[in-house]
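Enquirer: Provide a 3D model corresponding to the input given below.
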Amino acid sequence: KSPISNHPFDKWGIVVGQDKHFKLWMVGQAGGREVTDTSVPQTAARELLEETGGYMKVSSQTISQLPYIYGEKKQLFVLKTNSTSLAANIKQSVQAAQKNPKLNRHFKEIDDITVVSINNFLRLAQKLDQNKLQPHQFTVKAQDGKVITLQSSYTKIFGHKFNHNQYKYAQLLFQSLCK
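Expert: So this is what the prediction gives:
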C-alpha cells in the first residue's frame, strides 16, 4: 500500500523486478517451466522464490488458488498483501542474492525491485488496448518517481490491441481485489 490518494488503484501497487541482463522490468516474477516442474503453479512457486532472491516462498497449492490473468500464452497469479514493507524486503533480498557466491544463478536474475501503482499500470494497459503505443514503448512511472521500461509480453496480459477483453478483465480483477 502507498498513501498516494484515496483512489484504491493508487493505494495498491504491483511489485515489478528488473532483469539484470536485459535491464527491462518484469510484471511479476516470471520464467519458464523446468523438467522438475509438474504444474504451472509449481513453476510459479519456484520462479517466485528464485526471482525474489529467496525471499518469497509460497506453496504451489496456495498459488493454484490465487486469482490470475492469462494471455499471450502467459499466466500471472495475483497475490494480495497488506504488507507495507514487502517491496523493500524483496529489494534487500535480491541485492543480497547478487552478492552471494553460493546461490544458483537463477536467484540472481533480478537485481532491483520497484512498485507501480495499479492506476498507472492500468493507464498503460488502456493505451495498449487502444493501440496507442508502438512496440517497446511500454514505459510507466513507478511510485518512487522512476520511469521504467516494462518487458512487453507480460504487459500485454493486461492490455492488448487485439484482445480488448484483457483490459476489461484486468480492471474487474483489480476492482474486486482493491476493496
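
Enquirer: can you map out the helices along this structure?
Expert: With DSSP state H, the ranges of helices along the chain come out as 8-11, 40-51, 60-64, 86-99, 118-129, 152-155, 164-177.

Enquirer: looking at these, which is nearest to residue 109?
Expert: For the helices of the chain, proximity to residue 109 was assessed by Cβ to Cβ; helix 40-51 is nearest, at 5.9 Å. From N, CA and C alone the C-beta is placed, and that goes for glycine too.

Enquirer: wait, isn't residue 45 in contact with residue 60?
Expert: Yes: counting by Cβ atoms under 8 Å, residue 60 is a contact partner of residue 45 at 4.4 Å.

Enquirer: ok, back up a step: of all the helices of the chain, which one comes closest to residue 18?
Expert: Residue 18 lies closest, by Cβ to Cβ, to one member of the helices of the chain: helix 86-99, at 8.9 Å.

Enquirer: can I get the closest one in PDB? Just the C-alpha atoms.
Expert: Below are the C-alpha coordinates for helix 86-99, written out as PDB (Å, rounded to 0.1, in the frame of the first residue of the first chain):
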ATOM      1  CA  LEU A  86       7.200  -6.200   1.100                       C
ATOM      2  CA  ALA A  87       8.900  -4.400  -1.800                       C
ATOM      3  CA  ALA A  88      11.700  -3.100   0.400                       C
ATOM      4  CA  ASN A  89      12.200  -6.600   1.800                       C
ATOM      5  CA  ILE A  90      12.300  -8.200  -1.600                       C
ATOM      6  CA  LYS A  91      14.700  -5.500  -2.900                       C
ATOM      7  CA  GLN A  92      17.000  -6.200   0.100                       C
ATOM      8  CA  SER A  93      16.800  -9.900  -0.700                       C
ATOM      9  CA  VAL A  94      17.600  -9.600  -4.400                       C
ATOM     10  CA  GLN A  95      20.500  -7.300  -3.700                       C
ATOM     11  CA  ALA A  96      21.900  -9.700  -1.100                       C
ATOM     12  CA  ALA A  97      21.500 -12.600  -3.600                       C
ATOM     13  CA  GLN A  98      23.600 -10.700  -6.100                       C
ATOM     14  CA  LYS A  99      26.500 -10.700  -3.600                       C
END
